[in-house]
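J.: next comes the sequence, and after it the predicted model I'd like to discuss.
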Amino acid sequence: MQVRRVVANLHAPEPLALAHFYQRVFGFDLPLDMDWISFLVTGGSQKVELHTASEGGSGTALPVISIEVDDLVEAHAAVRDAGAEVVYGPVSEPWGIRRFYFRDPAGNLVNIVTSI
(Lines give C-alpha, C1' and ligand atoms only; values in the text may rest on other atoms or scores of the structure.)
Protein backbone atom coordinates (compact mmCIF):
# COMPACT_ATOMS: atom_id res chain seq x y z
CA MET A 1 0.00 0.00 0.00
CA GLN A 2 1.19 3.52 -0.81
CA VAL A 3 -0.25 6.66 0.76
CA ARG A 4 -1.07 9.12 -2.02
CA ARG A 5 -2.02 12.17 0.05
CA VAL A 6 -2.82 13.47 3.49
CA VAL A 7 -5.45 16.20 3.71
CA ALA A 8 -6.01 18.62 6.58
CA ASN A 9 -9.70 19.25 7.28
CA LEU A 10 -10.30 22.57 9.01
CA HIS A 11 -13.56 23.04 10.87
CA ALA A 12 -15.47 26.06 9.57
CA PRO A 13 -19.05 27.20 10.15
CA GLU A 14 -18.90 28.68 6.63
CA PRO A 15 -16.51 26.52 4.57
CA LEU A 16 -16.59 28.67 1.44
CA ALA A 17 -15.81 31.86 3.38
CA LEU A 18 -12.81 30.18 5.02
CA ALA A 19 -11.72 28.78 1.64
CA HIS A 20 -11.79 32.31 0.21
CA PHE A 21 -9.57 33.47 3.11
CA TYR A 22 -6.95 30.80 2.25
CA GLN A 23 -7.23 31.64 -1.46
CA ARG A 24 -6.60 35.32 -0.75
CA VAL A 25 -3.69 34.76 1.62
CA PHE A 26 -1.89 31.80 0.02
CA GLY A 27 -3.14 31.70 -3.57
CA PHE A 28 -4.83 28.29 -3.43
CA ASP A 29 -7.13 27.24 -6.26
CA LEU A 30 -10.73 26.26 -5.41
CA PRO A 31 -11.69 23.46 -7.82
CA LEU A 32 -14.76 22.25 -5.91
CA ASP A 33 -17.28 23.62 -3.42
CA MET A 34 -20.17 21.47 -2.17
CA ASP A 35 -21.58 23.95 0.39
CA TRP A 36 -20.54 21.78 3.36
CA ILE A 37 -16.95 21.29 2.14
CA SER A 38 -14.60 23.26 -0.10
CA PHE A 39 -11.47 21.80 -1.73
CA LEU A 40 -8.30 23.90 -1.95
CA VAL A 41 -5.31 22.80 -4.03
CA THR A 42 -2.02 24.03 -5.45
CA GLY A 43 -0.61 23.26 -8.86
CA GLY A 44 2.78 22.04 -7.56
CA SER A 45 3.88 18.57 -6.61
CA GLN A 46 2.93 17.51 -3.12
CA LYS A 47 5.01 15.86 -0.45
CA VAL A 48 2.99 13.58 1.81
CA GLU A 49 3.80 14.24 5.44
CA LEU A 50 2.03 13.42 8.71
CA HIS A 51 3.20 14.61 12.12
CA THR A 52 2.20 13.38 15.55
CA ALA A 53 2.99 15.72 18.45
CA SER A 54 2.11 16.57 22.03
CA GLU A 55 2.70 20.32 21.52
CA GLY A 56 3.75 22.82 18.88
CA GLY A 57 7.33 23.22 20.13
CA SER A 58 8.84 25.98 22.28
CA GLY A 59 5.95 25.48 24.70
CA THR A 60 3.27 26.47 22.17
CA ALA A 61 -0.10 24.90 21.50
CA LEU A 62 -0.26 22.37 18.67
CA PRO A 63 -1.51 23.99 15.45
CA VAL A 64 -4.05 22.10 13.36
CA ILE A 65 -1.97 22.54 10.19
CA SER A 66 1.44 23.77 9.09
CA ILE A 67 1.95 25.54 5.78
CA GLU A 68 5.51 25.85 4.49
CA VAL A 69 6.18 28.97 2.41
CA ASP A 70 9.19 30.28 0.52
CA ASP A 71 8.81 33.86 1.85
CA LEU A 72 7.79 34.19 5.50
CA VAL A 73 7.79 38.01 5.43
CA GLU A 74 5.36 38.02 2.50
CA ALA A 75 3.15 35.38 4.17
CA HIS A 76 3.11 37.36 7.43
CA ALA A 77 2.06 40.51 5.57
CA ALA A 78 -0.67 38.63 3.68
CA VAL A 79 -2.06 37.12 6.89
CA ARG A 80 -2.11 40.51 8.63
CA ASP A 81 -3.60 42.23 5.57
CA ALA A 82 -6.38 39.63 5.62
CA GLY A 83 -7.17 40.64 9.20
CA ALA A 84 -6.05 37.41 10.88
CA GLU A 85 -4.60 37.50 14.39
CA VAL A 86 -0.91 36.58 14.63
CA VAL A 87 -0.52 34.89 18.02
CA TYR A 88 3.13 33.74 17.98
CA GLY A 89 6.22 35.02 16.21
CA PRO A 90 7.68 35.45 13.76
CA VAL A 91 10.48 33.66 15.55
CA SER A 92 13.56 31.63 14.62
CA GLU A 93 13.43 28.25 16.35
CA PRO A 94 16.52 26.33 17.51
CA TRP A 95 15.70 23.40 15.18
CA GLY A 96 16.32 25.46 12.03
CA ILE A 97 13.02 27.02 11.05
CA ARG A 98 11.47 30.47 11.19
CA ARG A 99 7.72 30.58 11.77
CA PHE A 100 4.63 32.28 13.11
CA TYR A 101 1.18 31.15 14.20
CA PHE A 102 -2.11 32.80 13.39
CA ARG A 103 -5.77 32.16 14.02
CA ASP A 104 -7.83 31.93 10.87
CA PRO A 105 -11.36 33.41 10.73
CA ALA A 106 -12.81 30.12 12.06
CA GLY A 107 -10.39 30.12 15.05
CA ASN A 108 -8.06 27.37 13.79
CA LEU A 109 -4.44 27.71 14.93
CA VAL A 110 -2.16 27.64 11.84
CA ASN A 111 1.64 27.37 11.72
CA ILE A 112 3.40 29.16 8.85
CA VAL A 113 6.99 28.00 8.47
CA THR A 114 10.10 28.38 6.33
CA SER A 115 13.50 26.71 6.60
CA ILE A 116 16.40 28.89 7.70
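T.: That came through, no problem.
J.: quick one, strands of the chain?
T.: In the chain, the segments counted as strands under DSSP state E are 29-33, 38-41, 65-68, 85-93, 97-103, 109-115.
J.: can you tell me the closest non-neighbouring residue to the most centrally placed residue in the chain?
T.: When the chain is reduced to its mean C-alpha position, the closest residue under CA atoms, centre = their mean turns out to be Ile67, at 4.1 Å. Closest residue to Ile67 apart from its sequence neighbours, by CB to CB, 6 or more residues apart in numbering: Ile112 at 5.4 Å. Every residue, glycine included, has its C-beta placed from N, CA and C.
J.: which residues does the one you found bridge with?
T.: With DSSP bridges applied, Ile112 shows beta-bridge pairing to Ile67, Phe100.
J.: next up, the contacts around it.
T.: The neighbourhood of Ile112, defined by CB atoms under 8 Å, 6 or more residues apart in numbering, consists of Ser66, Ile67, Val69, Leu72, Ala75, His76, Val79, Arg99, Phe100, Tyr101, Phe102.
J.: could you report the distance from the second one to Glu49?
T.: Taking CB to CB, to the nearest Å as the measure, Ile67 and Glu49 are separated by 12 Å.
J.: the third one too?
T.: When CB to CB is the yardstick, Val69 and Glu49 sit 15 Å from each other.
J.: if you count what's nearby, which of the two comes out ahead?
T.: Val69 (15 against 9; other CB atoms under 10 Å).
J.: mind listing what that one touches?
T.: Phe26, Ala75, Ile112, Val113, Thr114.
J.: go with 6 Å
T.: Ala75, Thr114 (CB atoms under 6 Å, 6 or more residues apart in numbering).
J.: then Val87?
T.: Val87 makes contact with Tyr101, Arg103, according to CB under 6 Å, 6+ apart.
J.: pLDDT weak spots in this structure?
T.: Scanning the chain for pLDDT under 70 picks out the ranges 3, 47-48.
J.: scan it for its longest helix.
T.: helix 15-26 (DSSP state H).
J.: buried ones in that one?
T.: Neighbour-count burial for helix 15-26, with 16 or more other CB atoms under 10 Å as criterion, is recorded at Pro15, Leu18, Ala19, His20, Phe21, Tyr22, Val25, Phe26.
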